[in-house]
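Asks: let me see the structure of the following:
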Amino acid sequence: MKRPLSSLLVAAIAIPIGLLAPDAMAQPFPPFTNPTDITNPYYPVSNTKQAITLGVSDGDEFRSEVTLLPGTRTITWAGGVTQTRISQYVAYKAGDLVEVAYDFFAQADNGDLYYFGEDVFNYVDGVVDNTEGSWLAGRDGAPPGLIMPANPVVGQVFNAENFFPVVFEEDTVVSLMQASRTPLGPIANGLLIHELLLDGTEELKIYAPGFGQVEGSEIGASSHLALYNRVNAPRGRVPQSLDSIEWLAEDVLNAVPDWRRVATRANQISQRWSTYRPQAIAAGATPEFIVSMGTSVAQLRAAAQVRNVSETNEAANDLRSVAVDLMNFYNPRVPADVKRLQVLERELMTDVRSRNWTEAMISHAKAADAVWARLRPSVLLRAGGVRLAAELDGLFADQAEAIDAHRVRDALEAARDAIGVAEDLERRF
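Replies: Okay, here's the model as predicted:
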């Protein structure tokens, strides 16, 4: 029987952390002959195209996105020169961007996965507030941390981060047979780890072979893996009913305030959702996405009926956002992030028109610093990508300047042009 995570946390806290295997990191580092071929089943960095985690943090909705980036980073440390894979981590709380981080990983010859540091950017109101938590192996003598053993055993203690007082994390293996759930269904062989952090915070994490972390729990917060796209997964075709929901919602944004046209589109969206909903469930879509879509459909129809411009635009954009998440379940030819850019720029335009400059800067940061930052390396590898990337770089710079100066016309123009470039990108994929 699966025990609630809250009960597991209480049980795990009772473990005498640090006493079970005090010499876990005292051994010499193993060699790194082929460090970027990461095959560790509990932390499959090289195979994680994109993973989305949903949850709750201090009563607010929480979402994180982990995306593998092309290329590597060379890190020089006391053990030599090591190539690492780069993974972008993005966190949202209550819909606001709160963190963007770039994590560096390398696998040793014995299968142990090491953490070589992270560049962290913590956001407040769409602006980088600080870089606390950043560290790098070799900088000021920091060593890499063992983030996941190749063959964990119950009672094993290891340090994913071990550069006190900058960063510190002590992990203890609690169980190898923890019941949990993955995007493909339940499992009985989850790896349960208790984590002790620098500030005294304690967390529980469950890892599933082939997926990485699938659940997390701490006081006041919990999360679960909602979507996992593998690097080599076959391309899928987005169902026509879902595809039409996305473009119908976009047409609503173009139609306002033509209320007859808006009402027609809202009814069509409702019909398409009734058709597609069973398919979404069959595809393994998480309940949060199903509920969000249903709520947005109802909100759009209600807003259109009373002819409320701001609520209609908000519901239509929310619809597009959830539709893009659902499209991601099919690993489509056009990356979800290309459409996410368009959705976020539309969101920004709504913020600018209402003169809500704080929200506009948050939307800008989500588009430029999170989504575009991880999409850009892949765009550069495509034909014509250098030109398009330079164009978007310039537009995002203009956009930030216009928002900061409260220039409505310039901010709207930059957003429209960015949408145009994103649509060009969509045609090239």
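Asks: burial check on residue 220, number of neighbours?
Replies: Look at residue 220: counted by other CB atoms under 10 Å, it has 9 neighbours. Placement of C-beta: from N, CA and C, glycine included.
Asks: what distance do you get for it to residue 85?
Replies: Counting by CB to CB, to the nearest Å, the gap from residue 220 to residue 85 is 32 Å.
Asks: go on, residue 218?
Replies: Distance from residue 218 to residue 85, by CB to CB: 27 Å.
Asks: who has more neighbours, the two?
Replies: Neighbour count, other CB under 10 Å: between residue 218 and residue 85, residue 85 has more, with 23 against 18.
Asks: how about residues contacting the helix or strand encompassing residue 302?
Replies: In the assignment (DSSP states H and E), residue 302 maps to helix 287-306. Applying CB atoms under 8 Å, 6 or more residues apart in numbering, the external contacts of helix 287-306 come out as 54, 226, 249, 252, 259, 262-263, 266-267, 269-270, 273, 277, 280-281, 311-312, 314-316, 318-319, 322-323, 325-326.
Asks: ok, and what's touching the next helix or strand after that helix?
Replies: Where DSSP H and E defines the elements, the next helix or strand beyond helix 287-306 is helix 309-327. Outside helix 309-327, the residues within contact range by CB under 8 Å, 6+ apart are 52, 227, 238, 242-243, 245-246, 249-250, 252-253, 256-257, 262, 269, 280, 283, 285, 289, 292-293, 296-297, 299-300, 302-304, 336, 339-340, 342-343, 346-347, 350, 354.
Asks: ok and helix 309-327 relative to helix 287-306, angle-wise?
Replies: For helix 309-327 against helix 287-306, the angle by axes from the mean of the first three to the mean of the last three CA atoms, to 10 degrees is 150 degrees.
Asks: related to what we said a few turns ago, so among the contacts of helix 287-306, which ones count as buried?
Replies: 54, 226, 249, 252, 259, 262-263, 266, 269-270, 273, 277, 280, 312, 314-316, 318-319, 322-323, 325-326 (16 or more other CB atoms under 10 Å).
Asks: residue 147 and residue 116 touch, don't they?
Replies: No. Residue 147 is beyond contact range of residue 116, at 9.5 Å (criterion: CB atoms under 8 Å).
Asks: who has more neighbours out of those two?
Replies: Neighbour comparison, residue 147 and residue 116: the larger count goes to residue 116, with 26 against 22 (by other CB under 10 Å).
Asks: and the closest residue to residue 406 other than its chain neighbours, what's its pLDDT?
Replies: In space, residue 406 comes closest to residue 357 once its chain neighbours are excluded; the distance is 5.8 Å by CB to CB, 6 or more residues apart in numbering. For residue 357, the model assigns a pLDDT of 98.
Asks: would you confirm that residue 357 contacts residue 403?
Replies: Yes. Residue 357 lies in contact with residue 403 (CB under 8 Å); the separation is 6.0 Å.
Asks: where does residue 75 land on pLDDT?
Replies: For residue 75, the model assigns a pLDDT of 98.
Asks: ok, it - contacts?
Replies: Residues in contact with residue 75, defined by CB under 8 Å, 6+ apart, are 81-84, 104, 106, 116-117, 136-138.
Asks: now list the buried members of those.
Replies: Judged by 16+ other CB under 10 Å, buried ones among the contacts of residue 75: 82-84, 104, 106, 116-117, 136-138.
Asks: just the buried positions in stretch 156-168, please.
Replies: Of the residues in stretch 156-168, those buried (16+ other CB under 10 Å) are 156-163, 167-168.
Asks: which one of the residues you listed is nearest to residue 188?
Replies: Of all the buried residues of stretch 156-168, residue 156 has the smallest distance to residue 188: 20.3 Å, by CB to CB.
Asks: excluding its backbone neighbours, what's nearest the closest one?
Replies: Leaving aside its sequence neighbours, residue 156 sits nearest to residue 173 (CB to CB, 6+ apart; 4.5 Å).
Asks: any idea how far residue 194 is from that neighbour?
Replies: For residue 173 relative to residue 194 (CB to CB), the value is 8 Å.
Asks: these two - which one has more neighbours?
Replies: Set residue 173 next to residue 194 and count neighbours by other CB under 10 Å: residue 194 wins out with 23 against 20.
Asks: can you tell me the SS state at the more buried one?
Replies: strand (DSSP: H, G, I helix; E, B strand; the rest coil).
Asks: thought it was touching residue 174?
Replies: Yes. Between residue 194 and residue 174 there is a contact at 5.3 Å, judged by CB under 8 Å.
Asks: for residue 357 and residue 403, indicate the residue with more neighbours.
Replies: residue 403 (27 against 18).
Asks: the more buried one: which element?
Replies: Counting by DSSP H and E, the element that carries residue 403 is helix 385-404.
Asks: which strands and helices sit next to that helix?
Replies: helix 357-365, helix 373-380, helix 408-428 (3 or more CB pairs under 8 Å, 6 or more residues apart in numbering; DSSP states H and E).
Asks: of all those, which lies closest to residue 30?
Replies: Comparing the helices and strands packed on helix 385-404 by CB to CB, helix 373-380 comes nearest, at 29.4 Å.
Asks: can you pull out the strands in the stretch 51-200 of the chain?
Replies: Using DSSP state E, counting those that start in this stretch, the strands assigned to the stretch 51-200 of the chain run over residues 60-77, 80-93, 96-107, 113-124, 127-130, 135-136, 145-148, 157-163, 167-182, 185-197.
Asks: quick one: pLDDT of the residue nearest to residue 119 when sequence neighbours are not counted?
Replies: Using CB to CB, 6+ apart and skipping residues adjacent in sequence, the residue nearest residue 119 is residue 102, 4.5 Å away. Note for residue 102: predicted pLDDT of 98.
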